[in-house]
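Engineer: Model the following, please.
(one chain, ligands or ions: 1)
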Amino acid sequence: MLWVDKYRPKTLDKMIVHEDVAQNLKKLVTEQDCPHLLFYGPSGNGKKTLIMAVLRQMFGAGAEKVKVETKTWKIDAGSRTIDVELTTLSGTHHVEMNPSDAGFQDRYVVQEIIKEMAKNRPIDTKGKKGYKVLVLNEVDKLSREAQHSLRRTMEKYSASCRLILCCNSSSKVTEAVRSRCLNVRINAPTEEQIVRVLEFIGKKEGLQVPPGFASRIASQSNRSLRRAILLFETCRVQQYPFTSSQVIPPMDWEQYISEIASDIMQEQSPKRLFAVRGKLYELLINCIPPVIILKRLLSELLKKLDAELKHEVCHWAAYYEHRMRLGQKAIFHMEAVV
Ligand SMILES: Nc1ncnc2c1ncn2[C@@H]1O[C@H](COP(=O)(O)OP(=O)(O)OP(=O)(O)O)[C@@H](O)[C@H]1O
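Structural biologist: The predicted model follows:
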């Protein structure tokens, strides 16, 4: 098991960062009827970890037992029937899914599937009526229509179901949905907090970590906890015992993008564009999200460009990034930027 999974804190009391948020959530879950929750913040910093711990606090250790199901739903949309395939993770008291996976059919997922799940009210062990939790990931990627439907579901079934929404950017979630949830922002941890987590893992693994080594990893991690832990594990595989001068390798996909940026700068011809397209495909095949590729490519290009061109390149990158979000085939838009 990778360290990021092995050392993911399981309960709200064991959090090494965001302890204050965890304690507030604990109070909320134990003392009151929990509202709908919206977790947002940069990637790799503990949203999922907190959500899992909240579920554990609500339903006990049983919340961790989940089964993965991929089902095709037949949805009646007026004159025709639509097939929507969706993967869900379901436990006894909760269901987790990523409704934006259904692409432009996402509103059917919200209108039919989520509504159906929200309707059924479970009965707890004491015979009282309990509630079900639906965890929806990447809600910022949902279309407007889907978000409007979500708002209706939230209102109508609030007695039988609680929603826990998770996303990177709350500005892409409509005001109507945001205002019906308790918004929980999960900030990127500081470098000191990252060092604390790395030292904790080092201790658990029984490693000798030279002074300053953890803080070097933290400063290269871009304040992402997941990235810092992955880098730490890469260093461990590469060389142990650690030395204070040991090179911390960059992520290979990042290095690959930096090569693409050099290719673009060296020559601007159809032949080179063709070669770059192949490399972009390679990244997409390895499941690097297109938006992340574009962002990274832009930051690599900005390092190499003349000051007067920077503004224009940023403008076109932003323009095509927006179009990419509206469209389905990312490669066209990435190529347009190149
Ligand atoms: N409070 C914490 N204390 C210690 N380690 C943590 C904490 N929160 C998260 N981590 C570590 O950071 C890793 C990444 O966290 P997590 O998967 O929760 O991020 P995320 O914000 O949900 O990311 P994404 O938005 O990309 O899904 C976890 O695997 C875990 O090892």
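Engineer: Name the helix or strand of this protein that has the lowest mean pLDDT.
Structural biologist: helix 115-119 (a mean of 75; mean pLDDT, DSSP states H and E).
Engineer: Which strands and helices lie in contact with that one?
Structural biologist: Contact here means 3 or more C-beta pairs under 8 Å, 6 or more residues apart in numbering; DSSP states H and E; on that basis helix 115-119 packs against strand 132-136, helix 144-156, strand 161-167. Every C-beta, even on glycine, is put in place using the N, C-alpha and C of the backbone.
Engineer: residues touching the residue positioned nearest the centre of the chain, list them.
Structural biologist: A centroid search over the chain (C-alpha atoms, centre = their mean) returns Ser43, at 5.2 Å, as the residue closest to the centre. Residues in contact with Ser43, defined by C-beta atoms under 8 Å, 6 or more residues apart in numbering, are Asn168, Ser224, Arg226.
Engineer: 6 Å - rerun?
Structural biologist: Asn168 (C-beta atoms under 6 Å, 6 or more residues apart in numbering).
Engineer: now Arg162
Structural biologist: By C-beta under 6 Å, 6+ apart, the contact list for Arg162 reads Cys34, His36, Tyr131, Val133.
Engineer: any idea how far the third one is from Glu112?
Structural biologist: Meaning Tyr131. Look at Tyr131 and Glu112: by C-beta to C-beta, to the nearest Å, they are 20 Å apart.
Engineer: picking up where we left off before, name the SS class of the residue nearest to the centre of the chain, please.
Structural biologist: For Ser43, the assignment made with DSSP: H, G, I helix; E, B strand; the rest coil gives coil.
Engineer: so where's the longest helix in this protein?
Structural biologist: Secondary structure assigned by DSSP state H gives helix 307-326 as the longest helix of the chain.
Engineer: just checking, what packs against that one?
Structural biologist: helix 290-304, helix 330-337 (3 or more C-beta pairs under 6 Å, 6 or more residues apart in numbering; DSSP states H and E).
Engineer: what's the longest one in contact with?
Structural biologist: Okay, so that is helix 290-304. Contacting residues not belonging to helix 290-304 are listed as Ile257, Ser258, Ala261, Met265, Leu283, Lys310, Ala317, Glu321, Ala330 [C-beta under 6 Å, 6+ apart].
Engineer: top of those by neighbour count?
Structural biologist: With neighbours set by other C-beta atoms under 10 Å, the maximum within these is found at Ile257, which has 25 neighbours.
Engineer: If I look at that residue, what pLDDT would I see?
Structural biologist: We have a pLDDT of 94 for Ile257.
Engineer: Which helix or which strand is home to it?
Structural biologist: Ile257 belongs to helix 252-266 when elements are defined using DSSP states H and E.
Engineer: relative to helix 252-266, how tilted is whatever helix or strand comes next after that helix?
Structural biologist: Tracing the chain C-terminally past helix 252-266 and defining elements by DSSP H and E, one meets helix 270-285 next. Put simply, helix 270-285 runs at 170 degrees to helix 252-266, going by axes from the mean of the first three to the mean of the last three C-alpha atoms, to 10 degrees.
Engineer: list the buried ones in helix 270-285?
Structural biologist: Of the residues in helix 270-285, those buried under the neighbour-count criterion (16 or more other C-beta atoms under 10 Å) are Val276, Lys279, Leu280, Leu283.
Engineer: measure the residue lying closest to the last one once chain neighbours are set aside to Gln208 for me?
Structural biologist: Okay, so that is Leu283. What sits nearest to Leu283 in space, not counting adjacent residues and going by C-beta to C-beta, 6 or more residues apart in numbering, is Ile293, at 5.3 Å. As judged by C-beta to C-beta, Ile293 and Gln208 stand 37 Å apart.
Engineer: Could you do Lys132 as well?
Structural biologist: Here Lys132 is placed at a distance of 48 Å from Gln208 (C-beta to C-beta).
Engineer: Which residues are in contact with Glu335?
Structural biologist: Under the criterion of C-beta under 6 Å, 6+ apart, the contact partners of Glu335 comprise Arg277.
Engineer: Quick one: neighbours of Asp76, just the number.
Structural biologist: Burial measure for Asp76: 10 neighbouring residues, criterion other C-beta under 10 Å.
Engineer: Just the residues contacting whatever helix or strand it lives in, thanks.
Structural biologist: Counting by DSSP H and E, the element that carries Asp76 is strand 67-77. Strand 67-77 is touched from outside by Thr81, Ile82, Asp83, Val84, Glu85, Thr87, Thr88, Leu89, Ser90, Tyr108, Glu112, Ile113, with contacts defined as C-beta under 6 Å, 6+ apart.
Engineer: and the fourth one, that one's in a strand?
Structural biologist: Put plainly, it is Val84. Yes: secondary structure assignment places Val84 in a strand (three-state DSSP).
Engineer: Now do the contacts for it.
Structural biologist: When contacts are counted by C-beta under 6 Å, 6+ apart, Val84 touches Trp73, Ile75, Ala102, Gln105, Tyr108.
Engineer: same for the strand or helix carrying the last one, what does it pack against?
Structural biologist: The secondary structure element spanning Tyr108 is helix 106-108 (assigned by DSSP H and E). For helix 106-108, the packing partners by 3+ C-beta pairs under 6 Å, 6+ apart come out as helix 144-156.
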